[in-house]
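Enquirer: quick one, structure for this:
(2 chains)
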Protein chains: 2
Amino acid sequence: MRVEVLPCAGAPFLPYLEDKLVIVIDVLRATSTMVTALANGCQAIIPVLSPEEALAKRLETPGALLGGERQAVLIDGFDLGNSPFDYAPEKVGGKRVIMTTTNGTRAIRAASEAKAVWMASFLNLESIVREIFRLKQKASIEGIVVFCAGTEDRFDLPDTLCAGMLIDALGPDIGLNDLGEAARMLYQISKNNLLDIIKQSDHGKLLFKLGFEKDVFYCSTSNILPIVPVLVNGEVIWQMGGL
Amino acid sequence: MRVEVLPCAGAPFLPYLEDKLVIVIDVLRATSTMVTALANGCQAIIPVLSPEEALAKRLETPGALLGGERQAVLIDGFDLGNSPFDYAPEKVGGKRVIMTTTNGTRAIRAASEAKAVWMASFLNLESIVREIFRLKQKASIEGIVVFCAGTEDRFDLPDTLCAGMLIDALGPDIGLNDLGEAARMLYQISKNNLLDIIKQSDHGKLLFKLGFEKDVFYCSTSNILPIVPVLVNGEVIWQMGGL
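Expert: I've put the predicted structure just below:
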């Protein structure tokens, strides 16, 4: 199987996605937050591109909450930010959340042509790997494309390390593009040191500066949530079995 | 000093460049070829964006040769391809070359606002490092931005390793963005193994397939040419002293 890793949602040369599984990674913090929200009983997350689209979408989705960030902070008039700690059971249990983030939700929308779109983070990586092995036995996909959502279309080290952890877990028999190979190498030399490297990354340092230290620690924790969020009809839901 | 590494010329969020030194890296093969051409007596390389612009430029540059590639091969009607072996002394000695390549010349043009633009490759890396230390003593630049020209705006492992070699040589007292940190880590674990990794990279494999094995071996060779190509008035020339 071939795994291609792309550095950002804005990558201008997207491969053909229709027969592929796309895995979106935005460790700090969109996909970590989505995984957490679904684990906490959130019914669905509806990714949209802008605060305006979120407000319009709410008109047709009674009872939905608005969540997301711009410049890493809560959007004026929104119910929830982009911190996983905003998405506690008592807030999101049984609810839909319409969500817009600078990078993560854009990456999900860019992937919408794919055969399947799953959301990964360190929190749920083991479950993602298990589902990929299950899917491979059905042999219904032609390859995996990993979207590292990144920050402002830049290379993002936390996302790349998470992609590397995924690739490492898939074993040696996969073909990789250059960024996939780099991700594997970076993960292999960092795996005992992930939190430190994520803290020192551009996005990690920004979140520390803004007082979100707790988010950085939490989002750097591996394999604590057995959730595979899947994009189905424009909504991110927890669907066992994936495809 | 801060060193930012950007993955490609198409990076949509360019930092402020006017007080910076930009170092353009396109290991396979544009900057390696430029360094070689200048070492072989070429007077200047004029980077242009398209074959059409090259033809127009020749009308105002009597005696100039046309060089470059599209899809890694010679452009119809051009004198030289993008292989360093095309730029032998008997061909380019004393001549100007108007050059267009898919990624490298575009990166150079995107950098034209910078205070200084230098071209680096493995071939001339030691000289680039020496010039940076000389420049730092004059303290006339606010930082370095490394453009990895890449392939079709994708992350390119050979360019990133070359950026990592540069960063490694600059020592520990520099600030880095995420891609700079990744480049340093990747170089440090690959430095005894560079040729193998470059051969296995996406661009390396493409050049092998097209019969350019010799180019890959040559462009992976470190520190054999004491040249610092500098962009001056739209032309890449060999100017000792840099700024």
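Enquirer: from here on, contacts and neighbour counts on C-alpha atoms
Expert: Fine.
Enquirer: residue contacts, A:Val27?
Expert: If you count contacts by Cα atoms under 8 Å, 6 or more residues apart in numbering or on different chains, A:Val27 has them with A:120-122, A:158-159, A:162, A:219-220.
Enquirer: just the ones in strands from these, please.
Expert: When the contacts of A:Val27 are checked against strands (DSSP state E), the matches are A:Ala120.
Enquirer: and the contacts of A:Val27 near chain B, which?
Expert: Among the contacts of A:Val27, no residue sits close to chain B (Cα under 8 Å from any Cα of the partner chain).
Enquirer: show me where chain A has strands.
Expert: Along chain A, the stretches classed as strands by DSSP E are A:2-6, A:21-25, A:44-47, A:65-70, A:73-74, A:96-100, A:116-120, A:144-148, A:175-176, A:229-232, A:235-238.
Enquirer: and chain B, is the lowest-mean-pLDDT helix or strand in chain A touching that?
Expert: When each helix and strand of chain A is scored by mean pLDDT, DSSP states H and E, helix A:104-110 comes last, with a mean of 88. No. Helix A:104-110 is not in contact with chain B by Cα under 8 Å from any Cα; minimum separation 15.3 Å.
Enquirer: okay, the strands of chain A in CSV with mean neighbour count, distance to A:Ile198 and mean pLDDT next?
Expert: Shown next, in CSV, are the strands of chain A (neighbours: other Cα atoms under 10 Å in any protein chain shown; distance: least, Cα to Cα, whole Å; pLDDT from 0 to 100):
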stretch, mean neighbour count, distance to A:Ile198, mean pLDDT
strand A:2-6, 23, 19, 94
strand A:21-25, 27, 14, 96
strand A:44-47, 25, 25, 97
strand A:65-70, 23, 20, 95
strand A:73-74, 16, 19, 90
strand A:96-100, 27, 23, 97
strand A:116-120, 27, 16, 96
strand A:144-148, 27, 15, 95
strand A:175-176, 17, 23, 96
strand A:229-232, 24, 23, 96
strand A:235-238, 23, 26, 96
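Enquirer: between those strands, which one is nearest to B:Gly104?
Expert: strand A:2-6 (20.3 Å; Cα to Cα).
Enquirer: strands paired with the closest one, and their directions?
Expert: According to DSSP bridges, strand A:2-6 has the following sheet partners: strand A:144-148 (parallel), strand A:175-176 (parallel).
Enquirer: for the closest residue to A:Glu18 other than its chain neighbours, give me its contacts.
Expert: Nearest non-adjacent residue to A:Glu18, counting by Cα to Cα, 6 or more residues apart in numbering or on different chains: A:Ala114, 4.4 Å away. By Cα under 8 Å, 6+ apart, A:Ala114 lies in contact with A:17-22.
Enquirer: show me the shaky parts of chain A.
Expert: Counting by pLDDT under 70, chain A contains low-confidence ranges at A:8-13, A:139, A:152-153, A:240-243.
Enquirer: where do the helices of it begin and end?
Expert: Counting by DSSP state H, chain A has helices at residues A:30-39, A:51-59, A:89-92, A:104-110, A:125-138, A:157-170, A:178-190, A:194-200, A:202-209, A:213-219.
Enquirer: is it possible to get CSV of these that adds mean neighbour count?
Expert: Below are these laid out as CSV (neighbours: other Cα atoms under 10 Å in any protein chain shown):
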stretch, mean neighbour count
helix A:30-39, 26
helix A:51-59, 15
helix A:89-92, 16
helix A:104-110, 23
helix A:125-138, 16
helix A:157-170, 25
helix A:178-190, 22
helix A:194-200, 18
helix A:202-209, 18
helix A:213-219, 18
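Enquirer: I'd like those helices as TSV, with distance to B:Ala44 appended.
Expert: TSV is the format used below for those (distance: least, Cα to Cα, whole Å):
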stretch	distance to B:Ala44
helix A:30-39	49
helix A:51-59	51
helix A:89-92	64
helix A:104-110	43
helix A:125-138	52
helix A:157-170	38
helix A:178-190	32
helix A:194-200	42
helix A:202-209	38
helix A:213-219	50
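Enquirer: out of those, which gets nearest to A:Phe78?
Expert: Between A:Phe78 and the helices of chain A, the shortest gap by Cα to Cα is with helix A:51-59, which sits at 8.8 Å.
Enquirer: could you check the angle the closest one makes with strand A:96-100?
Expert: Angle of helix A:51-59 versus strand A:96-100, following axes from the mean of the first three to the mean of the last three Cα atoms, to 10 degrees, is 160 degrees.
Enquirer: from the contact counts, what lies against helix A:51-59?
Expert: strand A:65-70, strand A:96-100 (3 or more Cα pairs under 8 Å, 6 or more residues apart in numbering or on different chains; DSSP states H and E).
Enquirer: if we use 6 Å, what do you get?
Expert: Packing partners of helix A:51-59 (3 or more Cα pairs under 6 Å, 6 or more residues apart in numbering or on different chains; DSSP states H and E): none among the helices and strands.
Enquirer: for chain A, what lies in contact range of chain B?
Expert: A:155, A:157, A:178-179, A:201 (Cα under 6 Å from any Cα of the partner chain).
Enquirer: circling back to that earlier point, of the contacts of A:Val27, which is the nearest to chain B?
Expert: Chain B has its nearest neighbour among the contacts of A:Val27 in A:Pro158, at 8.9 Å by Cα to the nearest Cα.
Enquirer: what's the spacing between the closest one and A:Arg29?
Expert: 10 Å (Cα to Cα, to the nearest Å).
Enquirer: and A:Ala110, by the same measure?
Expert: Distance, A:Ala110 to A:Arg29, by Cα to Cα: 18 Å.
Enquirer: again, but for A:Phe208
Expert: 13 Å.
Enquirer: what does A:Val230 give?
Expert: According to Cα to Cα, A:Val230 stands 17 Å off from A:Arg29.
Enquirer: name the nearest residue to A:Gly204, ignoring sequence neighbours.
Expert: Nearest one to A:Gly204, counting by Cα to Cα, 6+ apart, is A:Ile198 at 5.7 Å.
Enquirer: just A:Leu161 next, same as before
Expert: In space, A:Leu161 comes closest to A:Tyr187 once its chain neighbours are excluded; the distance is 5.1 Å by Cα to Cα, 6+ apart.
Enquirer: likewise for A:Ser127?
Expert: Once flanking residues are discounted, A:Ser127 sits nearest to A:Pro226: 5.4 Å by Cα to Cα, 6+ apart.
Enquirer: around the one you found, count how many other residues there are.
Expert: Neighbour count for A:Pro226, taken as other Cα atoms under 10 Å in any protein chain shown: 17.
Enquirer: is the closest residue to A:Asp79 other than its chain neighbours bridged to anything, and to what?
Expert: With sequence-adjacent residues excluded and distances taken as Cα to Cα, 6+ apart, A:Asp79 is closest to A:Leu66, at 5.3 Å. As for beta bridges, A:Leu66 partners with A:Ile98 under DSSP bridges.
Enquirer: ok, now which ones touch A:Ile45?
Expert: Going by Cα atoms under 6 Å, 6 or more residues apart in numbering or on different chains, A:Ile45 touches A:96-98, A:235-236.
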